[in-house]
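In: Sequence first, then the predicted structure:
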Amino acid sequence: MDYLRHDLRDALDEVNPEVVQTSGATTARKASVAGIACSKCKSLPAPGCKLRYCGRCKARPYCSRECAKADWSVHTRVCDSMRRAHDEALAGHEARGGRGQNLNQKKRETLSWFVAVPGLSNEVELLAWKHRDESPLILVSSTNPSDTEGSDVRVVMIPRSIWDEDPRFLDTYSETSREHLRDIFDDPSCCLNTQFVRTDSMQYSEGILPTRETTIRHFRDDLVRSAEIVEALTATTRAEDLVNAFAWLERVFRRDKVVETLKHIRHRATTMHGSITPDGSVPVSSRALNNEVAYMMFNCLCLEFSVRLIGLRSAVHLNGREGVVRGLDPKSIERWNISMDDGTYVSVRAVNFEHI
């Protein structure tokens with residue numbers, strides 16, 4: 001299993017709030033992810049109105065009978081397993097002292113909490129994309145609902161070879177959960193290149209079972225494209241990769257912000273990397289400049305940019321060490337601060353790290 005443990009508070013030290021806002025999900029998409037929008041048309045309920053739930057599984061939300069009917073040909077394949085999972089969750093909820101009619105509200109609160117953690121949805125989605133051929137379940141968990149920055153969030157990739165075959169999976173999850181996952185992944189309409197499965201789990205109180213909700217999510221083209229561009233930027237110095245990066249930035253930033261950002265990149269290309277870049281053109285690609293642009297792309301998505309130090313001459317002992325870029329060194333605009341794996345910080349030029 002792939003296991004990620006990130007201090008998301010540290011990861012956000014250098015994030016520009018405007019960039020995060022413009023590159024983040026829309027309100028409608030966040031509502032859909034959090035299970036408070038219609039499963040068919042993705043619309044929000046009208047003011048004063050509530051979503052309805054499938055009468056059989058009592059778990060899939062709809063805005064109207066028309067949407068429920070239109071979605072039935074798809075939903076029918078997983079309705080039975082969703083009903084069993086809902087009944088199991090309901091029994092656990094009531095055993096913890098909860099009221100039965102509040103179960104779906106508790107699940108929505110749980111999903112909304114995870115959606116609000118900056119960068120988390122992007123991190124999870126890219127992990128799922130990386131391992132999509134393994135039919136993974138992405139488990140996202142926390143034991144501290146009061147920590148809205150998500151500093152204790154854990155993300156685990158569980159491949160099908162584990163959740164479908166390993167008996168140890170049943171030490172934590174029920175056979176009903178396993179059957180529900182099989183229904184999802186064995187459905188002929190399931191496409192691993194367009195969707196993934198995620199379980200959000202919140203431990204609200206010590207000593208009681210967590211509240212869990214499993215949902216099907218869809219990959220976003222721009223996010224997947226960002227990972228592909230970053231991988232290309234940091235592997236080679238082809239001109240077309242920097243062109244693609246500029247095009248991506250133009251799509252995700254507001255018009256006024258993208259002008260400022262591209263101007264900044266061109267300025268650094270000229271002053272820091274010796275590339276004379278006229279306005280409106282893309283700079284000459286170099287390893288250092290590519291690293292900086294790749295970092296900017298991940299930074300605007302609230303994603304950590306993990307690196308390995310290379311080519312250091314005065315600190316040879318640091319070569320091969322790994323860390324995370326935390327932004328420009330305020331004492332030197334040529335250098336970047338790297339938070340090392342042992343908690344220390346070093347300041348290096350962009351040419352002296354490689355993305356991992």
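Out: That came in fine, so what should we check first? Numbers count the residues shown, from 1 in each chain.

In: residue ranges for the helices of this structure, please.
Out: Using DSSP state H, the helices found in the chain span residues 8-11, 17-23, 27-33, 65-95, 103-116, 120-130, 160-163, 175-186, 221-233, 239-252, 255-271, 287-300.

In: State the number of residues packed around residue 355.
Out: Other residues near residue 355 number 18, with proximity taken as other Cβ atoms under 10 Å. (Glycine included, C-beta is placed from N, CA and C.)

In: Now do the contacts for it.
Out: 230-231, 234, 291, 294, 305-307 (Cβ atoms under 8 Å, 6 or more residues apart in numbering).

In: Residue 298 too?
Out: Here residue 298 is in contact with 226, 230, 304-305 (Cβ under 8 Å, 6+ apart).

In: related to what we said a few turns ago, just the contacts of residue 355 now: which is nearest residue 158?
Out: residue 306 (21.7 Å; Cβ to Cβ).

In: what would the helices of the chain look like in CSV with mean pLDDT and distance to residue 41?
Out: Shown next, in CSV, are these (pLDDT from 0 to 100; distance: least, Cβ to Cβ, whole Å):
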stretch, mean pLDDT, distance to residue 41
helix 8-11, 31, 32
helix 17-23, 36, 25
helix 27-33, 51, 10
helix 65-95, 87, 5
helix 103-116, 85, 18
helix 120-130, 93, 21
helix 160-163, 95, 31
helix 175-186, 91, 21
helix 221-233, 93, 20
helix 239-252, 92, 25
helix 255-271, 88, 30
helix 287-300, 94, 30
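
In: Of the contacts of residue 355, just the buried ones, PyMOL syntax please.
Out: Buried subset of those, written as a PyMOL selection, criterion 16 or more other Cβ atoms under 10 Å:
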select buried, resi 230+234+291+294+305+306+307
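
In: Which two among the contacts of residue 355 are spaced furthest apart?
Out: Between all members of these, the farthest pair (by Cβ to Cβ) comes out as 231 and 307, at 13.7 Å.

In: measure residue 77 to residue 180 for me?
Out: From residue 77 over to residue 180 the distance is 11 Å, taken as Cβ to Cβ, to the nearest Å.

In: count of neighbours near the residue nearest to residue 263 when sequence neighbours are not counted?
Out: Once flanking residues are discounted, residue 263 sits nearest to residue 279: 7.7 Å by Cβ to Cβ, 6 or more residues apart in numbering. Residues near residue 279, counting by other Cβ under 10 Å, number 8.

In: for residue 240, same thing?
Out: 11.

In: before we move on, what about the one 5 residues further on?
Out: Burial of residue 245, expressed as a neighbour count using other Cβ under 10 Å, amounts to 23.

In: was I right about it contacting residue 293?
Out: Yes. Residue 245 lies in contact with residue 293 (Cβ atoms under 8 Å); the separation is 5.0 Å.

In: and for the two, which residues touch both?
Out: Joint contacts of residue 245 and residue 293 (Cβ under 8 Å, 6+ apart) are residue 233.

In: excluding its backbone neighbours, what's nearest residue 183?
Out: Using Cβ to Cβ, 6+ apart, the nearest residue to residue 183 is residue 81, at 4.3 Å.

In: so who does the one you found touch?
Out: 176, 179-180, 182-183.

In: Mind giving me the ChimeraX select for these, buried ones only?
Out: For the buried members of the contacts of residue 81, the matching ChimeraX selection, counting by 16+ other Cβ under 10 Å, is:
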select :176,180,182,183
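
In: Nearest to residue 51 among the contacts of residue 81?
Out: Distances from residue 51 to the contacts of residue 81, taken by Cβ to Cβ, are shortest for residue 180, at 20.9 Å.

In: if I look at that closest one, how far off is residue 99?
Out: Distance from residue 180 to residue 99, by Cβ to Cβ: 24 Å.

In: Okay, the spatially most central residue of the chain and residue 68: tell me how far apart.
Out: In the chain, the centroid-proximal residue (Cα atoms, centre = their mean) is residue 122; its distance is 2.1 Å. The spacing between residue 122 and residue 68, counted by Cβ to Cβ, is 31 Å.

In: again, but for residue 200
Out: Using Cβ to Cβ, we find residue 200 at a distance of 24 Å from residue 68.
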